[in-house]
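1. Kindly return the folded structure for what I paste below:
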Amino acid sequence: MEFTVERINSVVLVVIKGDRLDANNSNIFKRAMEPVLAGSAQAVIDLGAVRFMDSSGLGALLSCLRRMNAAGGALRLAALQRPVRAVMEMVRMHRVFDIYDTRDAALSDAEKAGAA
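-> The predicted model follows:
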């Protein structure tokens with residue numbers, strides 16, 4: 001599971017490079033995200049490259065969301081491709097996550113929240 005991490009002001013941006021977030025790599029992703037999210041109040045995960053996500057991938061994202069919420073922070077998802085968005089809507093996760101059409105929109109909102 002490849003991803004990049006960048007800190008932009010008070011926001012940590014994670015850009016997933018692989019096209020799948022599923023049972024084969026979700027545990028690796030979840031473990032790798034623990035230190036990335038530690039101490040961050042605002043995070044954005046860019047899923048633009050992800051074309052397929054199963055329930056394990058959803059579980060990994062939920063784990064990240066719970067970690068951020070428990071620390072008083074917020075997690076935003078950005079740039080979901082149509083099949084990934086369809087999965088999120090099918091299981092009603094679009095009501096749980098803050099989802100943005102673009103990375104820039106998610107970053108802008110996160111920066112505003114971080115400055116407040």
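
2. what about Trp50, neighbour count?
-> You called it Trp, but residue 50 is Val. Neighbour count for Val50, taken as other CB atoms under 10 Å: 21. In short, each C-beta sits where N, CA and C put it, glycine included.

3. if I pick it, what's in contact with it?
-> 16, 18-21, 57, 80-81, 84 (CB atoms under 8 Å, 6 or more residues apart in numbering).

4. so how far is Gly114 from it?
-> Going from Val50 to Gly114 by CB to CB, to the nearest Å gives 25 Å.

5. what residues are up against Val96?
-> Neighbours of Val96 in contact, by CB under 8 Å, 6+ apart: 62, 65.

6. Equivalent analysis for Ala32, please.
-> So Ala32 contacts 1, 3 (CB under 8 Å, 6+ apart).

7. gap between it and Ala38?
-> For Ala32 relative to Ala38 (CB to CB), the value is 12 Å.

8. Quick one: low-confidence residue ranges for this protein.
-> The model of the chain has pLDDT under 70 over residues 115-116.

9. Just give the nearest non-adjacent residue to the residue nearest the centre of the chain, would you?
-> Centroid-nearest residue in the chain: Ile45, 3.2 Å away (criterion: CA atoms, centre = their mean). Among residues not flanking Ile45 along the chain, Val14 sits closest, at 4.7 Å (CB to CB, 6 or more residues apart in numbering).

10. Make sure that neighbour is indeed in a strand.
-> Yes: counting by DSSP: H, G, I helix; E, B strand; the rest coil, one finds Val14 located in a strand.

11. Write down the beta-bridge partners of it, one by one.
-> Val5, Ile45 (DSSP bridges).

12. Could you pull up the contacting residues of it?
-> By CB under 8 Å, 6+ apart, the contact list for Val14 reads 3-5, 33, 36, 43-46.

13. same thing but at 6 Å, please
-> 3, 5, 45 (CB atoms under 6 Å, 6 or more residues apart in numbering).
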